[in-house]
Every structure is written in C-alpha cells, then in structure tokens.
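>>> Quick one, what's the 3D model for this:
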Amino acid sequence: MSKRTDTIKSLFTAPQSSTLSADNVPAALPRVSSGSVRSLKDSFSEVEKENEELRERIASGAVILEIDPSLIDPSPLSDRFRDNDDSSFEALKQSIAQRGQEVPILVREHPEAKGRYQSAYGHRRVRATRELGISVKAILRSLSDEALVVAQGLENAPREDLSFIERASFAMHIEDAGHSRSIVQDALSIDRAEASKLLAVARSVPPEVVRAIGKAPKVGRGRWQSFAELLKDAAALKRVRAAIADPKFAERETDARFLAAFSAASRPSPAGTSKAPDEKPVFSASGDKIAHVRQVERELKLTIDKNVSATFAAFLVEQLPAIFDAFSKTSGGQETTEV
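Reported below is the predicted structural model:
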C-alpha cells in the first residue's frame, strides 16, 4: 500500500484529534546521520503536505458520504480513454472487494438532476463499487463547472499512465466546453505553450482516428506531432482511414496500432498517381520542430526552422560528409552505390 493511500485512509478511518493543526507532527527522532535526517525530513514534509491538503478540504466544508454509485454520473468532460484491456480495473475492483475503498472520490450535486451527483474524479472507483454492489465513499463539495474541470485535471495530472493523446484530448474537450485557455493550463498544470501543442495535435488528428488508435502510452509528443503533420495531406489521411478500417487493425495493442497508422500515413503514394511535392516537418527528440523538408523526385529542399539557431545550418553542412559516409556503410547506401 502506498504512503499516500495510508495517509488518506488514516484521516477517514482513524479517530481524529480535537483539532487539526500544525502541532500534530511526528515525535522527535533519534540522532542519525545527516543523509538519513534529510531523507526522513523530505518524507515527512511530503506527508505533511498531503495532510494539509486534506485538512483544507475538511475545513472548507467537504463532507464524506457513502453514496449509491448508481446515483453518480461522470464528469461531462472525458479525460481518459476506455481501454479494452481491463486488467488494471479488475485489480482495482479486487482490491476494493478485499480491503474496502481506501481513497474517496470527489463529487458535487448534479447541476441538472436533483438527487443525483456528478463526479470530478474517481470514475473507475464508481464503476468498481457499482459492479460490487456496494456504496462508494465520496467527498461532497460545492463546485462550479470550472472548479470541477480543474479538480479533475489536477487529480490525473501527476499520474504517469495518462498518455500524451489523452491529455491532448482532455485539453480539447475543456476548450470545446467553452472554458478559457487558462482553465486548460490550470487543469493540466502546464504553461500556455504546452497547452497550444496539446491542442494543435488534438485538433489535427480526426477523433475517429484517435479512438481507433487508443491511448498509446509509449508514444510521446514528438511522434504525435509528426503524425498530425502527416495527416494534413489528404492522401495520407485516406491511407490511415483505410488502415484503421482493416479488421486486423483492432487486434493489435494500442501502441502497435499507432505505429500501423503512422506507417500508413508515411507511405509514399504509388508512382505516377501524383506529382505533388512530398513535404514533411522534422522534429527533435524532444518534440520541437527544427526543420521542414520538401522533396520532388530526386530534388530535396531543407528549410531550417526560424526558432533554431542560425549556426545549426553551418554545423549541418560541416557534418554532411560524415553523415554520407555513415549512410554509405548501410544497406541502403550500398544498394545505391551498386546501381
């Protein structure tokens, strides 16, 4: 059981002192080495930080209820994809069945349906308790639409399993619901530049393509940006739609589905079908656009992005001989030489 889970559980199950204050701190520890002291200090600081957040929730009027999960509707804005692999959900359900629900969900009274609730986060816990036929523990708060979105995003933001495309889709859903760009930033704990990158990808990849691919947890921003750029070409998008329509496409796991779609988008059109130039962006490993390539038959034009240092072009020219020598040693280079 994680430290965070132990902490939260103790607040809702163990008897509370008459006051929750900064005086409730761990007892003094025996004198140990400075490194150990620093490590323990960091651990207690993190625990106290989480404790303080929970104290603030309680002090602000949060109420812990046990609610029939059938009375709870999900947030109107989806932040996660439903995965065909339910192994993690089954593990959660088994954990709740054996040890009970250790972390409450967050709900508000439904703004349009009296007697019902709307969850900000904890959708899987609601589903698990519903299937188990038990009540779900929930913190009831009075939340505006914007506060609901921010709470939902902040709960999911620290999770490593929330993929790039899930974050991008959530950002788009927030903005499409009429919220400002600042709410997108607050909900995902990102700056304006990162919000723009997320939204650019989400709006460039058709929803049906995203749904067919799924969360693709191993695919980062750079690959999705490259994919989004490729889909600006109508022929590439047509190839991708044909690929996802193939029954075998859905049989692959999600990361493999992305690679199959990316491969279809990257595949050149049959010879003679089009004389349009092949234009592609070039991204760095971190996902930043560094150049643009335009190729017509054997002629290639490389344009360095304006945000890249001017000295990069000179550096690239200097490296060309070494790059060509390295290419010549590959199978592709050897085939070219033999012709």
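
>>> which residues in the stretch 1-150 of the chain form strands?
63-67, 72-73, 105-109, 117-121, 136-140 (DSSP state E, counting those that start in this stretch).

>>> The shortest one pairs with which strands, and in what direction?
For strand 72-73, the pairing partners within the sheet under DSSP bridges are strand 117-121 (parallel).

>>> Give me the mean pLDDT for the strand it pairs with.
Mean pLDDT, strand 117-121: 88.

>>> likewise stretch 240-255?
93.

>>> quick revisit: could you dump the strands of the stretch 1-150 of the chain into a markdown table with distance to Asp176 added?
Every residue, glycine included, has its C-beta placed from N, CA and C. Converted to a markdown table, the strands of the stretch 1-150 of the chain look like this (distance: least, C-beta to C-beta, whole Å):
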| stretch | distance to Asp176 |
| --- | --- |
| strand 63-67 | 29 |
| strand 72-73 | 19 |
| strand 105-109 | 21 |
| strand 117-121 | 18 |
| strand 136-140 | 27 |
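
>>> Quickly, which of those bottoms out on average pLDDT?
Among the strands of the stretch 1-150 of the chain, strand 63-67 scores lowest, with a mean of 84.

>>> Just to check, Ser70 is in contact with Gly133?
No - using C-beta atoms under 8 Å, Ser70 is not in contact with Gly133; the gap is 10.0 Å.

>>> More neighbours: the two, which one.
Ser70 (12 against 8; other C-beta atoms under 10 Å).

>>> Return the residues in contact with that one.
Arg130 (C-beta atoms under 8 Å, 6 or more residues apart in numbering).

>>> 10 Å instead?
116, 126, 129-130, 133, 136 (C-beta atoms under 10 Å, 6 or more residues apart in numbering).

>>> And the strands of the stretch 1-150 of the chain: which comes nearest Val149?
Closest of these to Val149 is strand 117-121, at 8.2 Å (criterion: C-beta to C-beta).

>>> Look through the chain and tell me its longest strand.
Looking across the chain with DSSP state E, the single longest strand is strand 289-296.

>>> strand partners of it, parallel vs antiparallel please.
strand 278-283 (antiparallel), strand 299-304 (antiparallel).

>>> how about these, which one is nearest Gly100?
strand 278-283 (46.9 Å).
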